[in-house]
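**Q** Test case, fold it:
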Amino acid sequence: MESSIIPTTPRDPSVYVQPSACSFDSLEGSLESQESCLSIPHHPLGIKPSGNKYTAASNAKDVSGLFQVFPDEIIAILLEYLDVAQLCTLGSTCRFLYAFCRLDDLWKALFIESKLSQSGSFIWRGTWRCTLLSFTEGLSQISCDNVFSDVLYRPFLCTYTPLIPYTSNIPPKNAIPRLENLSHEQFSQDWSDKPFILTSPVREWPVFQSWNTDSLLLQYSSVKFRAEAVDWTLKTYADYMQNNKDESPLYLFDRSFVEKMNLQVGKRQESQSYWIPECFGEDLFEVLGENRPDNKWLIIGPARSGSTYHKDPNATSAWNAVLRGSKYWIMFPSNASAPLPPGVYVSEDQSEVTSPLSIAEWLLGFHAEARKTPGCIEGVCNEGEVLHVPSGWWHLVVNLEASIAITQNFVPRSHLANVLLFLKEDIADQVSGFKKDVTDPYGLFVEGIQKQHPGLLEEALKELKKKGEGKKRKWDEAVGYGDDETSSGGFRLGFGDDSDEDVP
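**A** Numbers count the residues shown, from 1 in each chain. Here you go, the predicted model:
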């Protein structure tokens with residue numbers, strides 16, 4: 001792979017965003033070529049949005065037999081139950097079903113479950129279908145210019161929708177603060193609850209100076225890394241990263257990279273690879289020693305890969321250092337008075353988060369509203385910079401170009417109470433990352449903090465008690481309890497008797 005895929009030298013902050021299938025060479029040319037790369041091409045099969053059927057002379061769905069009575073959404077779901085042979089057979093019956101059976105997400109699911117994918121090393125051929133069937137795209141392609149389907153066209157639209165309109169011209173009131181550096185004291189006093197970007201610390205890391213696609217492939221080409229649901233060699237993933245047409249590209253997110261790459265973390269190491277920026281140095285989960293949950297990951301992905309809205313695990317804070325490429329972040333605080341990000345819906349116990357299936361879908365449908373939503377903050381983290389994600393903040397992140405990053409979760413003292421509450425309540429089994437033999441993370445953490453930081457534990461427990469009393473007070477006010485409980489002007493709920501034992 002050419003080193004230009006992820007260059008060694010930092011890029012200009014004015015980043016052009018290309019579909020994941022575009023090569024980096026196309027970004028080095030004139031503005032015209034950049035705009036060409038960003039424009040939405042014709043669908044390779046000629047498929048068009050549903051609205052076009054009203055002015056068309058013919059509609060392929062009209063001759064698809066019984067399938068014409070089903071909505072396109074139902075057809076797509078039915079096809080998920082077919083195997084390779086069945087998809088190929090059904091796709092040979094008519095143009096309409098040929099177009100549906102070429103939907104690459106169907107083939108992605110089949111490929112990931114295949115022995116070829118599980119081997120971790122194979123020849124990537126540009127699409128999931130071609131890779132599974134072991135042939136080159138374009139050898140046999142039927143025109144589907146009379147197929148009209150939003151179900152088929154929308155993933156293609158999302159893949160090629162330019163991100164620049166959504167990731168540039170950030171309103172000043174929304175901009176993530178940018179600082180050169182912070183001391184631990186400055187972070188603890190003023191910044192532990194706020195997102196920010198540091199421009200200086202990461203540039204000192206040896207891995208920032210040495211890591212690029214070529215150097216990583218030279219050393220770790222045959223090493224398997226975790227990419228969502230698969231374990232592939234770095235060489236295989238790099239081939240996929242360079243040449244794919246996915247709406248939501250597969251994201252390499254590996255928690256064991258330090259051991260796999262034999263890295264030395266920390267300034268005190270003889271041959272240090274990188275170290276934690278000074279302001280993030282304190283991590284109270286260190287009291288757990290070998291029992292601490294997963295806390296560091298290597299992240300590699302092509303343009304348009306990323307993460308939809310989520311909060312970081314176990315109420316931890318995090319930092320994310322970009323070594324190559326750039327990332328767009330949009331974030332929202334999470335508290336009783338702050339609205340959820342537009343388009344995001346959370347179950348009552350907060351165990352399930354529902355949002356559009358892809359980042360591009362959310363940008364198309366909700367980004368404009370998000371920028372007007374109170375609490376919205378956004379920005380681009382460039383090469384050599386590190387971004388802070390405070391505990392509990394909702395965030396969406398997307399790579400604007402092929403990127404390499406390191407991220408780490410931590411517990412600063414200012415958020416100890418939040419972490420204790422999260423571990424204690426363990427709502428819907430959301431505590432994660434601990435080893436299977438750790439059956440009581442809360443008790444283990446309290447024991448460790450008590451031994452090493454007894455004063456901090458006492459302060460955190462007092463804070464939790466105060467928060468609990470605040471909730472009880474708000475409840476009393478809501479149901480009409482005041483200083484005079486006999487006042488006739490208050491509203492009171494009945495629970496079958498006059499006992500307050502079950503009132504939160």
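
**Q** in its sheet, what does the helix or strand where residue 321 lies sit against?
**A** With secondary structure defined by DSSP states H and E, residue 321 is part of strand 317-324. Strand pairing for strand 317-324, using DSSP bridges, gives strand 385-389 (antiparallel), strand 403-410 (antiparallel).

**Q** Please report the distance of the spatially most central residue of the chain from residue 353.
**A** Most central residue of the chain, judged by C-alpha distance to the mean C-alpha position with C-alpha atoms, centre = their mean, is residue 307 at 1.2 Å. Note on residue 307: its distance to residue 353, by C-beta to C-beta, to the nearest Å, is 11 Å. In this view, the C-beta of every residue, glycine as well, is placed from N, C-alpha and C.

**Q** before we move on, what about residue 50?
**A** Computed as C-beta to C-beta, the residue 50 to residue 353 distance reads 29 Å.

**Q** and if you look at residue 143?
**A** 40 Å.

**Q** quick one, which of the two is more surrounded?
**A** Counting neighbours by other C-beta atoms under 10 Å for residue 143 and for residue 353 shows that residue 353 has the greater number, 16 against 13.

**Q** contacting residues around the more buried one?
**A** Contacts were defined as C-beta atoms under 8 Å, 6 or more residues apart in numbering; by that measure residue 353 touches 309-310, 344-347.

**Q** thought residue 247 was touching residue 358?
**A** Yes: between residue 247 and residue 358 there is a contact at 5.1 Å, judged by C-beta atoms under 8 Å.

**Q** Which residues are in contact with each of the two?
**A** 155, 158.

**Q** so where is the stretch 401-504 of the chain shaky, pLDDT-wise?
**A** For the stretch 401-504 of the chain, residues meeting the criterion pLDDT under 70 lie at 427-428, 469-504.

**Q** Please, where are all the helices along it?
**A** Ranges of helices in the stretch 401-504 of the chain, per DSSP state H, counting those that start in this stretch, are 416-425, 441-452, 454-479.

**Q** Now do the buried residues in the first one.
**A** Think helix 416-425. Along helix 416-425, the positions that meet the burial threshold by neighbour count (16 or more other C-beta atoms under 10 Å) are 416-423.

**Q** Let's test this: name the helix or strand in this structure with the lowest mean pLDDT.
**A** Averaged element by element with mean pLDDT, DSSP states H and E, the chain has its least confident helix or strand at helix 31-38 (a mean of 41).

**Q** what is the mean pLDDT for the helix or strand following it?
**A** Per DSSP H and E, helix 31-38 leads on to helix 72-79 as the next helix or strand towards the C-terminus. Looking at helix 72-79 alone, the average pLDDT works out to 97.

**Q** list the helices and strands helix 72-79 packs on?
**A** With contacts defined as 3 or more C-beta pairs under 8 Å, 6 or more residues apart in numbering; DSSP states H and E, helix 72-79 has these neighbours: helix 95-101, helix 150-160.

**Q** can I get the ones you listed in CSV with mean neighbour count, distance to residue 82 and mean pLDDT?
**A** Below are the helices and strands packed on helix 72-79 laid out as CSV (neighbours: other C-beta atoms under 10 Å; distance: least, C-beta to C-beta, whole Å; pLDDT from 0 to 100):
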stretch, mean neighbour count, distance to residue 82, mean pLDDT
helix 95-101, 23, 8, 97
helix 150-160, 19, 16, 95
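
**Q** Tell me which of those sits nearest to residue 57.
**A** helix 95-101 (14.2 Å; C-beta to C-beta).

**Q** And the contacts of the closest one?
**A** Residues from elsewhere that reach helix 95-101 (C-beta under 8 Å, 6+ apart): 45, 47, 60-61, 63-64, 67-68, 72, 75-76, 79, 87-88, 90-92, 142-144, 146-147, 149, 152.

**Q** Give the PyMOL command for selecting the buried subset of the residues you listed.
**A** Per 16+ other C-beta under 10 Å, the buried members of these correspond to this PyMOL selection:
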select buried, resi 45+47+60+61+64+67+72+75+76+79+87+90+91+144+146+147+149+152
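
**Q** neighbours around residue 141, how many?
**A** Neighbour count of residue 141, defined by other C-beta under 10 Å: 12.

**Q** just to revisit the earlier point, leaving out chain neighbours, which residue sits closest to the residue nearest to the centre of the chain?
**A** Of all residues not flanking residue 307 in the chain, residue 397 sits nearest, at 5.3 Å (C-beta to C-beta, 6 or more residues apart in numbering).
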